[in-house]
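1. Sequence first, predicted coordinates after that:
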Amino acid sequence: MNMRQVILDTETTGLELASGHRIVEIGCIELKDRRKTDRILHYFINPEREIEKGATEIHGITEEQLEGEPIFEDIADRFIDFIRDSEVIIHNAPFDVAFIDAELSRLGDEWGRLEDYCRITDTLEMARDRHPGQKNNLDALSLRYQVDNSQRDLHGALLDAQILLDVYLAMTGGQSSLLLDEEQEPGSRSGQQRPRPVKRQTRLKIIEPTPEELAAHQKMLERLSRN
């Protein structure tokens, strides 16, 4: 069986799709049989609108940097070809999927929706199922699964896709620390050593106390009761 998966992430001009915000960066990394291939798809995209200051503070992308970049329509065919017939893995999938669907909608009804081309897996929902009550953002998962994200001073679609790839493989094939997020400090090595199994005896040897030991024990109880 040749299972093809794509790790995907986007960056946008802002958080509110209803306000007309759009995609400014998209990054995809291909996996085959849970192994990273040499195929990636990465574009900076001219959103044809302003970028909110708060968004730039998160991903570092400015309007000036995107002036000569393609618009989404220019890369849509290559994007769809890349993700077609794969399992697309996204952290907090509803956010990215909504923005991608909005971009496809602008191209015409015949483009459909992302789910028309691929199967979508949300690693945030997966993490919540595995770690209820804990933080499950990408930084918390990186710490929990000991994935190096030291280069992540700013968010970036391709960088976050690579971090998510490592987190996904660890989360679906490895073991995490048993500590809660607030109990584990950065740099902690907790979880790297597996606890040794305790060997249990089927029969326990019972040692009865001698009469002298019983008498001494009774005297101690009497002394404690007087205090």
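-> Nice, thanks for sending it over.
2. which residues does the residue sitting nearest the centre point of the chain contact?
-> A centroid search over the chain (C-alpha atoms, centre = their mean) returns residue 138, at 4.4 Å, as the residue closest to the centre. Contact analysis of residue 138 by C-beta atoms under 8 Å, 6 or more residues apart in numbering lists 91, 149, 160, 163, 164, 167. All C-beta atoms are positioned from the backbone trio N, CA, C, and that covers glycine.
3. Would you check that the third one makes contact with residue 152?
-> Yes - counting by C-beta atoms under 8 Å, residue 160 sits close enough to residue 152 to count as a contact (7.4 Å).
4. neighbour-wise, which of these two wins?
-> Using other C-beta atoms under 10 Å, the more surrounded residue of residue 160 and residue 152 is residue 160, with 23 against 15.
5. Quick check: which element contains that one?
-> Taking DSSP states H and E as the definition, one finds residue 160 inside helix 157-173.
6. Rounded mean pLDDT for that helix, please.
-> Confidence for helix 157-173, expressed as mean pLDDT, is 96.
7. Show me how far that helix is from its chain's centre.
-> Relative to the chain's own centre, helix 157-173 is displaced by 6 Å; criterion: C-alpha atoms, centre = their mean, to the nearest Å.
8. contact partners of that helix?
-> Residues contacting helix 157-173 (C-beta under 8 Å, 6+ apart): 7-11, 25-29, 31, 34, 36, 40, 42, 89-91, 123, 126-127, 130, 138, 141-142, 145-149, 151-152, 176.
9. Name the residues of that helix that are buried.
-> For helix 157-173, burial by neighbour count (16 or more other C-beta atoms under 10 Å) applies to 157-171.
10. mind listing the helices in this protein by residue range?
-> Secondary structure of the chain by DSSP state H: the helices cover 53-59, 72-83, 93-107, 123-130, 138-144, 157-173, 211-226.
11. could these go into JSON lines alongside distance to residue 65?
-> Formatted as JSON lines, those follow (distance: least, C-beta to C-beta, whole Å):
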{"stretch": "helix 53-59", "distance to residue 65": "10"}
{"stretch": "helix 72-83", "distance to residue 65": "16"}
{"stretch": "helix 93-107", "distance to residue 65": "19"}
{"stretch": "helix 123-130", "distance to residue 65": "28"}
{"stretch": "helix 138-144", "distance to residue 65": "23"}
{"stretch": "helix 157-173", "distance to residue 65": "14"}
{"stretch": "helix 211-226", "distance to residue 65": "78"}
